[in-house]
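Student: could you look at this predicted model? Sequence included:
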Amino acid sequence: MATDHEASARTPALSLTGAVKAFGPVIALADGTIEILPGEIHALVGENGAGKSTLVKILAGLHHPDAGDFRVDGEPIAFRSVADSKAAGISVIYQEPTLFPDLTVAENIFIGRQPRGRSGLISRAEMRAGARELFSRLGVPIDPDRSAEGLSIADQQIIEIAKAISLDAKVLVMDEPTAALSGVEVDRLFAVARSLRDRGAGILFISHRFDEVFALCDRITVMRDGRYVATLETSSVTVDEIVREMVGRDIDQLFPKEPAQIGDPVLTVRGLSRAGVFADIDLDVRAGEIVALAGLVGAGRTEVARAVFGIDRYDTGTVELNGRAYTAGDPQAAIDAGVGFVPEDRRKQGLVMDLSVGRNATLTLRSALARFGIISSARERRAAEKWTKTLQVKTGSQEYAVSTLSGGNQQKVVLAKWLATEPRLLIIDEPTRGIDVGTKAEVHRLISSLAARGIAILMISSELPEVLGMADRVLVMHEGRIAAEIDRADATPEAVMHAATASMEGSK
Amino acid sequence: ATGCASGGSTGGSSGGGGGGDQTITFIPKQLNNPYTDVVLGGGKDGAKAAGFSKSQVVGPLDASASSQVSFINAETQAGTNVIVIAANDPDAVCSSLKEARDGGAKIVAFDSDTNPKCRDIFISQVVAKDVALIQTKLISEQIGGSGEIAILSATANATNQNEWIKYMEEDLKANYPNIKLVSTVYGDDDDTKSFQEAQGLLQAYPDLKGIISPTTVGIAATARYLSTSEYKGKVALTGLGLPNEMRPFVKDGTVTAFALWDPAQLGYVAAFAGKALADGDITGKKGDKFKAGDLGERTVGEGGTVIVGPPTTFTTDNIDDYDF
Amino acid sequence: MTTTVHPTGTDSPRPSSGRRSPLSAIAHLRELPVLLALVALILVTWLINPLFLAPQGVKDILLNATIVIILAAGQAIVIITRNVDLSVGSILGLVAFGTGSLFVAVPGIPIIVVILAGMLFGAVLGAINGLLVTLAKVPALVITLGTLYIFRGLNNAWAGGTQFFADDRPQEFGNLSVDTVLGFPLITLIAIVVVVIVAVFMSGTRSGRDLYAIGSDPDAARVFGVPVTRRVLFAFVTNGVLAGLAGVLYTSRFNSVGATTGTGLELDVVAAAVVGGVAIFGGSGSVIGAALGALLLTTITGALTAVRVDKFWQQAIVGLLILAAIVIDRIAAVRTARRLRVSESRDV
Amino acid sequence: MSENATKQATRTSETANVLADEPKGRTGASRVLLGRDAIMIYILLAFLVYASIALPRFASPVTVGFLLLDVIPVLLIAMPMTLVIITGEIDLSVASIAGLTSALMGVLWQAGLDMGTVLVISVLAGVVAGALNGFLVAVVGLPSLAVTIGTLALFRGLALVVIGDNAVANFPPALTGFFISKLGATGIPTVMIGVLVVMVFFGVLLHFTPFGRGLYALGYSKEAARFVGIHVNRSKFWLFVATGTVSALAGVYWTLRYSSARSDNASGLELTVIAAVLLGGVSVFGGKGSIPGVIAGVLLIGSINYALRLSRVSDVVLIIVTGSLLILSVITPSVISAIRRWNHDRRLRRHVPQAPASGSTSAVHQAH
Ligand SMILES: Nc1ncnc2c1ncn2[C@@H]1O[C@H](COP(=O)(O)OP(=O)(O)OP(=O)(O)O)[C@@H](O)[C@H]1O
Ligand SMILES: Nc1ncnc2c1ncn2[C@@H]1O[C@H](COP(=O)(O)OP(=O)(O)OP(=O)(O)O)[C@@H](O)[C@H]1O
Ligand SMILES: [Mg+2]
Ligand SMILES: [Mg+2]
């Protein structure tokens, strides 16, 4: 390893080697390998779906690895439960906050280990004080007595952080803690993290933002498609090297974008705003055009898409398809107008996991399949077969529960469902989130062929290569506003990243 | 139609057989009710004595109007010769009883009558009027002839209780001008409910002097409430009760006197009436006579009603002589 | 509990349904509406019929409430973990009859022993529910609906026509529900003590708070390492113990115990908890609230009788009360939710 | 909040699904023949055969008649209840609505209205009652369990308000006679024709219409359903109206069959109905269930009930049997899937080890 001499110097606070984790058909982690030394901040980077969070959940004792060697302070160890991991001095901030909405903020921080007064009963006062102290360290004004219900995603993150550092654990694992945080909050977090490191704690830090990684971390471990790639000294690498390690392939050949001639605007959005989520969104998508909506997680891209499709209402602004407005807040109206929406959360929003492949594929056609209000199962089956064949969904039978398919094939079923409605505009949120690399290319080929057929495509993606490879035009969102519009020609990673993080004046 | 046909054949055959293989089934208002158990005890003895080959008891666990019907149906189909029933609701059971009769079964109502056109004969514990009068008499004695009283009855549709209440109201008007009946409430022959109804009465009517409860569950529950409250001995209580249940309350002075007939005799006579009907000795019309075992001969009176016997009044002096 | 209503509790617009409002200040007021309603009710009734607050009147109010209060407290624990126990009526029935038989079988058995035996019996029945729910991972609604039938059936099979009456039991046992201390009947005092103990446990101990966490979001609780199975089982057992106690006290107060004792109590008890501000989807509400809810529901019946309101209206009014309770809760939740979306949002 | 706080949740639960459904689901014929409701039907048939052999009088038209007359109210209400539970909601107020209808019929008839008007008004009352439930659940967004516990008390209370302690019995004999009349020699009650219509209606609605497709989807996942344009709340509202209406019909039947209108008619029926529906294979989690299965469930309980009556076994046994069936019917599937999962994990453990082997290729990456 690049860092052997160092490693031998100090025994790692924690080390995982060759960990394997599979979820049914999906192999989430093929070779999870990480080594965290006491007193270092260690970055873990990789594309979406690289297996970072899965690795984290193994460290947390939430997932039990199917194979692999796991040591704490050099001692082999196997966690049976989250409690075990806590006991071993590992504290974790999950990518998705796990708070109890009914409990107060303070209680959320101390749940399971609330301070007890002389009476042996929980002392609310002490708990409050403790929470206050933590928040002042993080420099955020959150009322410890309010309930966690309705906290903004950012505040949820902060509370997770407070929870984690309050344990002052041997090893602190943070899975994309900064995803939803503003600059100031991030700086505070870094200050706290450094002081913890100086007190000898080992920290694992996951982020998609390289500026943060380079600013904070001593070493960087790169993962790709569920495998360990390399561990590098921050001081001795550049962003480009890291990116190459992450992507590990030449972008252009992976995203073969078919040329499509661009027609008239299909979607026209003007001054769209929703209090607290996004504001003044103007955007056009033309027939045959692929427009990418880029930005950091939490930038408001999904919310914009939801509003356009009618899942959420919007406060002001206009949305028109081929120059005709349709009822806001009613997905059916949007569908009838010719909009299709592939949501970002496949498991929760894209598919009814327990229904069969066939049923899912025809769910959008319900009324179209009915004659005199009665659905003919024959036509239903034929429709299902037609579209799943067109998209080459790999499944044993239309009858299988869609949950038994691999992520990629699930995504194809979602696409099939929408193609069946022959949409004019297709909104695709995170088209390849958590899809194995093989199928990724297929999905991309599919998308561009759709564009070639004259469908207007609005693609939301957190993966730069995807954005750069697919888009004719890139709209970058930052904190709920469109921060920049970049043409395919001059869409470079730097340009997009800077606009997204607003780290360059002029971008906002 | 077929229901009757098939049932008819079975009923016919066994009926033709005369004695020997006849069966009788008792359907009480509700199983697991102490008073009922005493009645049924008598019924069983009667059935044996009268020479039924088989006698059984079926019935609902709750005393709701419709719950008896499916039991009647099953008995109809089972080709039972005599069905003895205490109706929870005079009309709800009617149609099914009619089917049973079409099927050849004889219907004996006892304790609580059904709609007269749905049964062959009704065995009444006593002359309804007598039961009413004895209770008004007792209450008047206990409250010194004047003041407010209330009635705590069983279910609102219990034929027998309602008839007694009717007579009581008439009697009070006619003979006890100073006694005022302020309210009639229903405990549904449920211990808890009766208990709380009693409690409600005393709260709603501060000047209440006495309570009449013409049902064994009701009087026991009321007695329990009175004996555990400050009203003990202050508010009089009478009605119809089982000596065994009321003994403690008579002893502790909550209740001075109450009445009842011998429930066992009720079942006993019902069984013999059933036998006589099944053998075709009687049809249930006025004037028919049949022999009720050791209780001697009985005569069918107005509206196909047979009277078992006079009610007894229980007091501290005689209560220990009875065991039911 | 949700699980019975929503597949994973993750879909649907459920976040705020019956939820405690975000500001814990308001959360503390959660029981307030019930309390106010109760006070108002008692005052009005008393003005119309002074007898209502005469010693005997008070005694009756308390006695009526006692049994349901204990049951509601137990039910609250279970509901807070996002479950429900519909079998309490049947448990009470079994224990009550058991108590009756015990006194007859073992003459002169000390009362405290009987009470403990009753609670133990209840615990066993509760454990059966708990095990079925946690091990088979089946919604509590179905399981306890099943045991509601089974326990009741066993009760009928065991008791048959047999009934035990007040005088089958020692005088001093009956006196538990007759003698009063400072106007409080003994069994009511027992109930109060129990409720206070449970309330302190729920609000003041770690495992108590775990129950709230579980009800608030079972999966998050699992992720966080809360011993969900053990805690939920515990909730059912505790509820069983309380139902058992209620069964014993029932036997002390009422005249007869038999096959049908306690039939149909379950929905009243759940209703009491809901009126007391316990969210049917778990996670929030308090034992005290549930107890107050029970007191309110039982008092209203007594009050309506006392002021001679046509008794036929009583049940309808109770129904309205329940609906009012959940609607108020919902309105509060929605209002705060809306306020938050705007105030919390980043300035865009 | 919901989204993020629960993402974790879905993930973990999905894991469960992914694993539980391995090995892959069944196809076509076998799916139908081995499905949950098919099994329910086999059990029913098996029981009927057994009863006909064991009980001399069981196999006869008379049985058919009496048995059906007894189950009709449950059968009726179970139809819309199935749809409601499939969407993940529940309605506990059905029996009270039936009671309210019965009470209304009583007083209206007493008041001398003609039967036609009486029937119309009574059924309308059911529609309104259902709409109230629907409004509170779908529009206000309250949990249906709590709401219908409230309306359970409310509607029963109103029944008492309407008719009090009285019972009205003097309904036209012709009419009451019709309600227990049989179709010639078959022994099948004439009213079954009407019941059949209701069953077919809901069967088709659930299994062969766009609306029905939507119900399953939203039963499994309200969010995913919304994302394909299903009107979640509108659907729920109408389902509650349906239960209200059908409960009213059941109330009418009850009143005329027993020719007795009382406030306490059909009390406690709600639990019987729900027990039957769940026994029929409908999942309280929503999403799973079918009309044929439920019909089988209702008839199974009904036949066991009647068989026990015929053999003069006390209702006690019936209660215990019902309860046990209910519990068995829900724990059996989860026990099976638990075993499946366990096997699957074992298989997995066996075939993973080669994965790290290929993982060693990471050495190559480290090279550059
Ligand atoms: N519970 C699960 N069931 C099935 N597949 C899963 C599960 N959790 C994760 N996966 C899959 O495992 C792979 C890795 O997911 P993971 O969340 O670890 O990626 P990640 O590196 O954290 O991505 P991101 O940067 O977006 O957080 C993805 O393909 C994902 O779909
Ligand atoms: N479930 C939620 N609860 C509270 N706030 C949320 C929630 N989801 C999103 N938000 C807020 O809405 C804004 C937009 O979130 P959204 O997920 O749409 O961003 P995004 O750019 O789509 O991120 P992603 O990369 O995950 O798609 C963010 O500021 C986030 O804080
Ligand atoms: Mg991740
Ligand atoms: Mg998004």
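Tutor: Cool, got the structure. Ligands and ions are numbered 1, 2, ... in the order given.
Student: for stretch C:324-335, the distance to its chain's centre please.
Tutor: In terms of CA atoms, centre = their mean, to the nearest Å, the centre of stretch C:324-335 is set 21 Å apart from its chain centre.
Student: pull the residues that contact stretch D:314-323.
Tutor: If you take CB atoms under 8 Å, 6 or more residues apart in numbering or on different chains as the criterion, stretch D:314-323 is touched by B:31, B:58, B:60-61, C:145-150, C:152-154, C:156-157, D:275, D:301, D:304-305, D:308. From N, CA and C alone the C-beta is placed, and that goes for glycine too.
Student: let's see it at 7 Å
Tutor: B:60-61, C:146-147, C:149-150, C:152-154, C:156-157, D:275, D:301, D:304-305, D:308 (CB atoms under 7 Å, 6 or more residues apart in numbering or on different chains).
Student: mind listing what's buried along that stretch?
Tutor: D:314, D:315, D:316, D:318, D:319, D:320, D:321, D:322, D:323 (16 or more other CB atoms under 10 Å in any protein chain shown).
Student: now the last one: closest residue in space, sequence neighbours ignored.
Tutor: Put plainly, it is residue D:323. Closest residue to residue D:323 apart from its sequence neighbours, by CB to CB, 6 or more residues apart in numbering or on different chains: residue C:149 at 3.1 Å.
Student: could you dump the helix or strand where that neighbour lies to CSV, C-alpha only?
Tutor: If you go by DSSP states H and E, residue C:149 is part of helix C:140-159. Extracted C-alpha coordinates of helix C:140-159, given in CSV (Å, rounded to 0.1, in the frame of the first residue of the first chain):
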residue,chain,number,x,y,z
ALA,C,140,-50.8,-6.5,16.6
LEU,C,141,-54.3,-5.7,15.4
VAL,C,142,-54.8,-9.1,13.9
ILE,C,143,-53.1,-11.1,16.6
THR,C,144,-55.0,-9.4,19.5
LEU,C,145,-58.2,-9.6,17.6
GLY,C,146,-57.5,-13.4,17.5
THR,C,147,-56.6,-13.6,21.1
LEU,C,148,-59.7,-11.5,21.9
TYR,C,149,-61.7,-14.4,20.6
ILE,C,150,-59.6,-17.2,22.0
PHE,C,151,-59.3,-15.8,25.6
ARG,C,152,-63.0,-15.1,25.6
GLY,C,153,-63.7,-18.7,24.4
LEU,C,154,-61.4,-20.1,27.1
ASN,C,155,-63.2,-18.0,29.6
ASN,C,156,-66.6,-19.4,28.5
ALA,C,157,-65.2,-22.9,28.5
TRP,C,158,-63.8,-22.6,31.9
ALA,C,159,-66.7,-20.8,33.6
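Student: the helix or strand that that helix is followed by and chain B, are they touching?
Tutor: Downstream of helix C:140-159, the next assigned helix or strand under DSSP H and E is strand C:164-165. Yes: counting by CB under 7 Å from any CB of the partner chain, chain B is contacted by strand C:164-165 at residue C:165.
Student: other SSEs contacting strand C:164-165?
Tutor: Secondary-structure packing of strand C:164-165 (3 or more CB pairs under 7 Å, 6 or more residues apart in numbering or on different chains; DSSP states H and E): helix C:88-105, strand C:256-257.
Student: list the helices and strands the longest one packs on?
Tutor: In this case it means helix C:88-105. Judged by 3+ CB pairs under 7 Å, 6+ apart, the packing partners of helix C:88-105 are helix C:111-136, helix C:140-159, strand C:164-165, helix C:228-253, strand C:256-257, helix C:265-275.
Student: picking up where we left off before, need the max-distance pair from the buried residues of stretch D:314-323.
Tutor: D:314 and D:323 (15.0 Å; CB to CB).
Student: run through the buried residues of stretch D:314-323 and flag the ones next to ligand 2.
Tutor: Counting by CB under 6 Å from any ligand atom, nothing from the buried residues of stretch D:314-323 sits close to ligand 2.
Student: columns distance to residue A:120, secondary structure and pLDDT on top of these, output as CSV?
Tutor: Shown next, in CSV, are the buried residues of stretch D:314-323 (distance: CB to CB, whole Å; DSSP: H, G, I helix; E, B strand; the rest coil; pLDDT from 0 to 100):
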residue, distance to residue A:120, secondary structure, pLDDT
D:314, 52, coil, 81
D:315, 51, helix, 80
D:316, 48, helix, 82
D:318, 50, helix, 82
D:319, 45, helix, 85
D:320, 45, helix, 89
D:321, 48, helix, 87
D:322, 46, helix, 83
D:323, 42, helix, 88
